[in-house]
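[1] The sequence and its predicted three-dimensional model are supplied below.
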Amino acid sequence: MVGPLISAAHRERVESYVELGRKEGARLVAGGEPPSSRPSRGFYVTPTLLADCTPGMRVVREEIFGPVVVVVPFDGEGEAAEDTAVTLANDSDYGLLDYVWSADVARAFRVARRLRAGGVGVNTIGRNMEAPFGGFKQSGVGRDCGSYALHAYSETQAVVWAG
C-alpha cells in the first residue's frame with residue numbers, strides 16, 4: 001500500500017479511472033480493488049497496473065494523479081523503437097514528468113532529451129530538489145523548487161552610477 005490520497009472525492013475519481021480503463025479495454029494486471037486492509041482513516045487506493053492500453057484511451061490521455069500505471073505497448077527495434085516511444089510519450093496534452101529506463105545510458109539520455117516534459121528521470125524516479133519543478137504544456141503552474149523558483153517572485157533591476 002502507498003500513502004493516502006487527499007480526499008474521498010479524489011479516491012473515487014482515481015477508482016473511476018481504473019474502472020474506465022477496464023471498460024475501454026485495458027487489461028488489469030494488478031490492483032483495481034480497494035485495499036484489503038484499508039485503514040479506518042485516510043483515502044487509500046491499491047497501486048494498479050493497466051496493460052494493453054492504446055493511445056486514444058482516456059486513461060492514457062488524462063492525468064489520473066493516483067497510484068495507477070498505464071502501459072501502451074509498441075513494436076520496433078533500434079531508432080525506430082525510440083522514435084515510436086518518443087512519439088507516444090509526447091502525444092499528450094500534459095508533460096509533468098517522464099521516466100526512461102534502459103541499460104544503455106547513452107540511449108536513455110538521447111531519448112530523455114527528446115521528451116517534452118518538465119522533468120525526466122533516467123533509471124530513477126527520484127529528482128533533484130534544487131532543480132526547477134514544473135510541467136510543459138497543460139501540466140504544472142510554473143516552476144517551483146530550488147533557487148530557480150525565486151525568479152517567479154522577483155524582478156531584475158539594473159542600477160547604473162556614473163560615479
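    Sure, I can see it.
[2] For stretch 49-65, which outside residues touch it?
    Under the contact criterion Cβ atoms under 8 Å, 6 or more residues apart in numbering, stretch 49-65 has outside partners 10, 14, 17-18, 20-22, 24-31, 68-73, 88, 91-94, 96, 139. For the C-beta atoms, the positions are set from N, CA and C on the backbone; glycine is no exception.
[3] Restricting to C-alpha, output it in CSV.
    Extracted in CSV, the C-alpha atoms of stretch 49-65 (Å, rounded to 0.1, in the frame of the first residue of the first chain):
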residue,chain,number,x,y,z
LEU,A,49,-1.3,-1.6,-13.4
LEU,A,50,-3.3,-1.4,-16.6
ALA,A,51,-1.7,-3.0,-19.6
ASP,A,52,-2.5,-3.3,-23.3
CYS,A,53,-3.7,0.3,-23.4
THR,A,54,-4.0,2.3,-26.6
PRO,A,55,-3.1,5.9,-27.2
GLY,A,56,-6.7,7.0,-27.6
MET,A,57,-7.9,5.7,-24.2
ARG,A,58,-8.8,8.4,-21.6
VAL,A,59,-6.6,6.6,-19.0
VAL,A,60,-3.7,7.3,-21.3
ARG,A,61,-4.6,10.8,-22.3
GLU,A,62,-5.6,12.3,-19.0
GLU,A,63,-3.8,12.9,-15.7
ILE,A,64,-5.0,10.4,-13.1
PHE,A,65,-3.0,11.7,-10.1
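[4] For the longest helix along the chain, list every residue counted as buried.
    If you go by DSSP state H, the chain has its longest helix at helix 8-24. By neighbour count with 16 or more other Cβ atoms under 10 Å, helix 8-24 contains the buried residues Arg11, Val14, Glu15, Tyr17, Val18, Leu20, Gly21.
[5] pretty sure the third one contacts Val45?
    Yep, that's Glu15 we're talking about. Yes - the pair Glu15 / Val45 is scored as a contact, 6.3 Å apart, by Cβ atoms under 8 Å.
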